[in-house]
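Peer 1: this one's sequence-less:
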């Protein structure tokens with residue numbers, strides 16, 4: 001949660017502020033003098049930087065009444081026709097009573113699962129003083145910073161039926177937890193003959209931390225295998241990719257028979273092998 005603090009002072013009232021547009025994106029302060037009263041800060045813009053998430057952020061600032069009168073106030077939002085999905089700003093305290101010489105805190109909540117720039121135009125209204133002061137709230141929503149520590153992994157060379165493994169880390173650079181999930185179809189190689197085991201397949205990465213990801217592989221055929229794992233992360237438009245490759249060898253036993261003439265013959269694994277042992281003598285020991 002991020003709070004942006006500022007003191008908004010109403011020094012009397014009963015005047016008309018200048019007309020300003022939504023295109024202004026910086027704090028604008030003006031001193032307008034009427035017949036009897038003065039108003040400080042006739043237009044204010046509050047900007048916040050957020051990430052797309054399901055967690056509320058807030059914009060807060062203080063409102064001070066230095067006058068000798070108590071007054072009732074309320075916040076009025078423009079563009080009431082905008083749907084709730086397209087309107088991520090909400091006023092936490094729509095109205096209230098502010099005593100003379102006291103201050104209150106105005107709070108606006110912001111929540112968006114979409115990436116983009118959002119604007120919300122409000123009026124701070126004081127009926128007793130016949131005053132309406134415009135406020136523009138701007139929220140910029142970006143994708144969370146989540147990535148693999150290493151996106152290209154290589155298994156050690158191994159043999160069929162011999163398990164091998166490799167690890168990496170999924171890093172969360174944000175201050176909120178982020179959910180992730182690996183696509184089960186991406187665990188298979190291009191030929192869909194071999195597959196890997198990912199642990200964990202899904203879960204949550206804690207704020208400002210990383211999570212160990214283990215990839216295990218028990219090959220059944222020899223050759224070079226390539227896997228392109230797909231990991232979906234909450235609030236990221238595109239998934240993360242993890243490339244894993246490795247080389248697998250087969251073990252073939254070779255048995256040779258050497259005769260007395262030092263001639264070597266390779267024995268067949270599939271056919272019957274005939275070995276001529278020639279003449280032998282029997283030694284009898286009593």
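Peer 2: Received the coordinates, thanks. On a predicted model such as this, the values are computed, not experimentally measured, just so you know.
Peer 1: How much space separates residue 244 from residue 209?
Peer 2: Distance of residue 244 to residue 209, given as Cβ to Cβ, to the nearest Å: 23 Å. Glycine gets a C-beta too; all of them are placed from N, C-alpha and C.
Peer 1: my bad, should have said residue 61
Peer 2: On the measure of Cβ to Cβ, residue 61 and residue 209 end up 32 Å apart.
Peer 1: And those two? Which one has more around it.
Peer 2: Taking neighbours as other Cβ atoms under 10 Å, residue 61 and residue 209 compare with residue 61 leading, 17 against 12.
Peer 1: What about residue 112, how many residues nearby?
Peer 2: Residue 112 - counted by other Cβ under 10 Å - has 21 other residues nearby.
Peer 1: repeat for residue 59
Peer 2: 25.
Peer 1: Please name the nearest non-neighbouring residue to it.
Peer 2: Nearest residue to residue 59 in three dimensions, chain neighbours excluded: residue 108, at 4.6 Å (Cβ to Cβ, 6 or more residues apart in numbering).
Peer 1: now that neighbour, what's its secondary structure?
Peer 2: Under the three-state scheme (DSSP: H, G, I helix; E, B strand; the rest coil), residue 108 adopts strand.
Peer 1: That one contacts residue 87, doesn't it?
Peer 2: No. Using Cβ atoms under 8 Å, residue 108 makes no contact with residue 87, being 11.6 Å away.
Peer 1: Between those two, tell me which one has more neighbours.
Peer 2: Applying other Cβ under 10 Å to residue 108 and residue 87 shows that residue 108 carries more neighbours, namely 24 against 15.
Peer 1: beta partners of residue 142?
Peer 2: residue 51 (DSSP bridges).
Peer 1: residue ranges for the strands of the stretch 151-286 of the chain, please.
Peer 2: Using DSSP state E, counting those that start in this stretch, the strands found in the stretch 151-286 of the chain span residues 152-154, 158-159, 164-172, 178-182, 197-199, 202-205, 209-217, 223-233, 240-249, 256-258, 264-266.
Peer 1: on that earlier part again, overlap in contacts of residue 108 and residue 87?
Peer 2: residue 120 (Cβ atoms under 8 Å, 6 or more residues apart in numbering).
Peer 1: Good, we can wrap up now.
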